[in-house]
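Enquirer: Need coordinates for the following:
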Amino acid sequence: MVYIKLASILFNSKIIAMLTFKKIVNENEFNESLDRAHFVDFLHTHLGRFGDPKEAINACLDYAFCNDGRPGGFLVAAYDHEKLVGGLVINNTGMKGYIPEHILVYVAVDGQRRGRGYGRKLVEYALNQCQGDVKLHVEYENPAKQLYERIGFTSKYAEMRFNK
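Expert: Purely as a prediction, here's the structure:
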């Protein structure tokens with residue numbers, strides 16, 4: 001578990017928040033201040049209509065924690081004065097080159113704190129923790145798409161799925 005005070009959030013040249021990031025790479029790193037259920041609830045609530053059921057979020061965390069021999073990944077919790085204000089999950093793909101090494105699966109910011117730069121700082125912190133390329137999926141009408149483009153993500157492919 002890693003705590004890092006990394007990001008000052010400025011508004012009109014004044015610091016309005018000092019974000020602290022907690023990187024979690026192992027299930028045992030959850031504790032009384034942040035347990036798995038709280039993290040899943042936070043993502044489920046603040047992903048809103050762009051989110052998944054809690055069962056899917058929990059499966060993503062299992063993957064990140066290398067359960068069942070999967071490639072792993074990590075979570076990041078962002079705090080402002082000890083209040084959880086953002087959460088993110090990166091899973092490793094186990095591939096390289098033709099498929100990026102990592103996929104940003106979930107990123108959410110507290111709905112009352114959006115538009116203040118929290119999401120950008122959270123994503124940038126996570127990208128700095130990754131060795132190799134990162135991909136993500138975002139719906140065209142998701143307002144976060146513009147943030148990802150400003151950070152440097154590009155659209156290379158249209159995603160297509162065949163559901164059985």
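
Enquirer: for the residue nearest to the spatial centre of the chain, what are its contacts?
Expert: Centroid-nearest residue in the chain, with C-alpha atoms, centre = their mean: Leu88, separated by 1.8 Å. Residues near Leu88 by C-beta atoms under 8 Å, 6 or more residues apart in numbering: Leu75, Val76, Ala78, Leu104, Tyr106, Val107, Ala108, Leu122, Val123, Ala126. Bear in mind the C-beta positions are built from the backbone N, C-alpha and C, glycine included.

Enquirer: Next, it: phi, psi?
Expert: phi -150, psi 150 (degrees, to the nearest 10).

Enquirer: Got the confidence number for it?
Expert: At Leu88 the predicted local confidence, pLDDT, stands at 98.

Enquirer: From Asn142, how far off is it?
Expert: 15 Å (C-beta to C-beta, to the nearest Å).

Enquirer: do the same with Phe50
Expert: 5 Å.

Enquirer: With Asp41 instead?
Expert: Relative to Asn142, and taking C-beta to C-beta, Asp41 is found at 21 Å.

Enquirer: Please list all residues in contact with the closest residue to Tyr118 other than its chain neighbours.
Expert: Using C-beta to C-beta, 6 or more residues apart in numbering and skipping the chain neighbours, the partner closest in space to Tyr118 is Val109 (4.8 Å). Residues near Val109 by C-beta under 8 Å, 6+ apart: His46, Ala78, Val85, Gly86, Tyr118, Gly119, Leu122.
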